[in-house]
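A.B. asks: model this:
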Amino acid sequence: MTVLPLLMILAVLAAAGFVLGRQRALALAGGEPRTLHSLPAYYGWYTAIMAFVPAFIALIVWLLIQPFYVERAALPHLPTSVQQDDTARQLAMTDVRRIAAGLDAAAAQGKLTESQIAAMDAPTPELDAALKDVRVALVSSATAEGLAGAKAYRSSLATVSVVRTVVIGLIALGGLAWALKVIAPDFWARNRVEKVVLRLLMLASLIAILTTVGIIWSLLSESFNFFSQYPIGDFFFGLTWNPKFGGGSELGFIPLFWGTIYITIIALLVAVPLGLFAAIYLAEYASKRTRAWVKPMIEVIAGIPTVVYGLFALITVGPFLRDFFAAPMGFGNSAASVMTAGIVIGLLNIPFISSLSDDIINAVPQSLRDGAFGLGSTKSETIRQVVLPAALPGIAGAILMGASRAIGETMIVVMGAGAAAKLSLNPFEAMTTMTVKIVGQLTGDTDFNSPETLVAFALGMTLFVITLLLNVMAVWIVRKYREQYE
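C.D. replies: Alright, predicted model coming up:
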């Protein structure tokens, strides 16, 4: 049984537990809910939780451990040289899992019978045709060992699935029976349910923290691997980016860093004035009716996929800048440029800066405005000399967070700025950023352990540190300079 039907069974048992737990509590109270410690629904929720949560946790743990056991059944069928090489083993197991999934699909659709699969000792044209019918390609490198591993993988997975269903079902039934047994009129069901909810909330926070730790660990481990093969000084201070997968690469970080910062600066020059002026208008000048339709229209921009912005940069903004500015002024004839990507990323960031700034400006107490008006200040003077200074820390934080978002943009840069890693002050030349090269170095059939591939993790770690510092700076500015009003 797959995981989804098993989850549905657990959900049904939980629903049944809610009904049974509530009815048992009422029965023990003799139909008088006032004699119960908690409301009848809490007894039902406690029973439902005991039927679902322990079994669900056991299922998660099982799914985390299961791949190690299942793959152990397939490994003995692979060549010894493959078993001893980590990269070769990972690639071989990928093929094993794919072929096993294809055999499952072929058997389910009647393309192959289980007896036919069991009788196959090596890849055959019949197997190739059956897998193609279920949209699984049998690669030319598939061997008898790979097929044998796939068959062992299927057999082990089927056995594990049956055992998993039985064990998880017994845990759910055991939890349900235990909850019904302990229910009594003086049982503190509400307190138990609230403790479970509190622990679930804590677990959600822990998952977020562990996710961050996992991201940092994955970047750090591969970055250390990269720097063990490539000089750290040449990476951080090199002025040339010229990867060669045959060896002799020059992986200087400076050109990518310059392109990233250059595009980000142009994006902020577009987004900050437009976003801030829009926020001031909406917060201070616009009527409620105007604000009700203008603000949602601005925020719609944030919901547009970045690939659409990339197409807009490629088809509209880039050719416009080339034909009306770059070419007539002698700056170049390329539609892909730093200016193109910067302007479009700036447009993308307008609703982000506008919405945050709008909320921050609205948080300034009205009493400050009234005091300024009482002293004879005009509307514009009040905004310039009272409202904006009071909201400035929050606005600065919004700008820094917008910069972090601009630094991490990829798709718009790919389509709007090109892929040339170079140092230049001409904003109408094609350049690239760290995010684009991260994608480029991890794309294609390359040796994962080579410096040309591992450099993507070093770039990712550097990008992570830069954006982290910007976010920390934004939080620090907001906390240090924000005004406290009573």
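A.B. asks: I'd guessed P54 sits against G175; true?
C.D. replies: Yes: here P54 reaches G175: they are 4.9 Å apart, a contact under C-beta atoms under 8 Å. For the C-beta atoms, the positions are set from N, CA and C on the backbone; glycine is no exception.
A.B. asks: who has more neighbours, the two?
C.D. replies: Higher neighbour count among P54 and G175: G175, with 23 against 16, using other C-beta atoms under 10 Å.
A.B. asks: doesn't M50 make contact with that one?
C.D. replies: Yes: assessed by C-beta under 8 Å, G175 is found in contact with M50 at 4.0 Å.
A.B. asks: mind listing what's buried along whichever helix or strand A51 is part of?
C.D. replies: A51 is part of helix 40-74, with elements assigned from DSSP states H and E. For helix 40-74, the neighbour count (16 or more other C-beta atoms under 10 Å) marks 40-56, 58-59, 62, 70-71, 73-74 as buried.
A.B. asks: now stretch 26-37
C.D. replies: By neighbour count, with 16+ other C-beta under 10 Å as the criterion, the buried positions of stretch 26-37 are L26, A29, L36, H37.
A.B. asks: would you confirm that R22 contacts G44?
C.D. replies: Yes: using C-beta under 8 Å, R22 is in contact with G44, at 3.5 Å.
A.B. asks: gap between S334 and I412?
C.D. replies: Per C-beta to C-beta, to the nearest Å, S334 is found 16 Å from I412.
A.B. asks: ok, the two, which is more surrounded?
C.D. replies: Comparing S334 with I412 by neighbour count (other C-beta under 10 Å), the higher total belongs to I412, at 31 against 19.
A.B. asks: and the more buried one, how far from I395?
C.D. replies: Going from I412 to I395 by C-beta to C-beta gives 24 Å.
A.B. asks: swap in I117?
C.D. replies: Distance from I117 to I395, by C-beta to C-beta: 65 Å.
A.B. asks: who has more neighbours, these two?
C.D. replies: A direct count of neighbours by other C-beta under 10 Å for I117 and I395 places I395 higher, at 21 against 18.
A.B. asks: could you report the neighbour count for M120?
C.D. replies: M120 has 17 neighbours, counted by other C-beta under 10 Å.
A.B. asks: then the helix or strand hosting W293 to CSV, C-alphas only?
C.D. replies: Take DSSP H and E as the rule and W293 turns out to sit in helix 288-300. C-alpha atoms of helix 288-300 as CSV (Å, rounded to 0.1, in the frame of the first residue of the first chain):
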residue,chain,number,x,y,z
LYS,A,288,-10.3,55.5,0.7
ARG,A,289,-12.0,54.7,-2.6
THR,A,290,-8.8,55.3,-4.6
ARG,A,291,-6.7,53.4,-2.2
ALA,A,292,-9.2,50.4,-2.4
TRP,A,293,-8.4,49.8,-6.0
VAL,A,294,-4.9,51.3,-6.5
LYS,A,295,-3.2,49.3,-3.7
PRO,A,296,-4.4,45.9,-5.0
MET,A,297,-3.5,46.8,-8.6
ILE,A,298,0.1,47.6,-7.4
GLU,A,299,0.3,44.4,-5.4
VAL,A,300,-0.8,42.3,-8.4
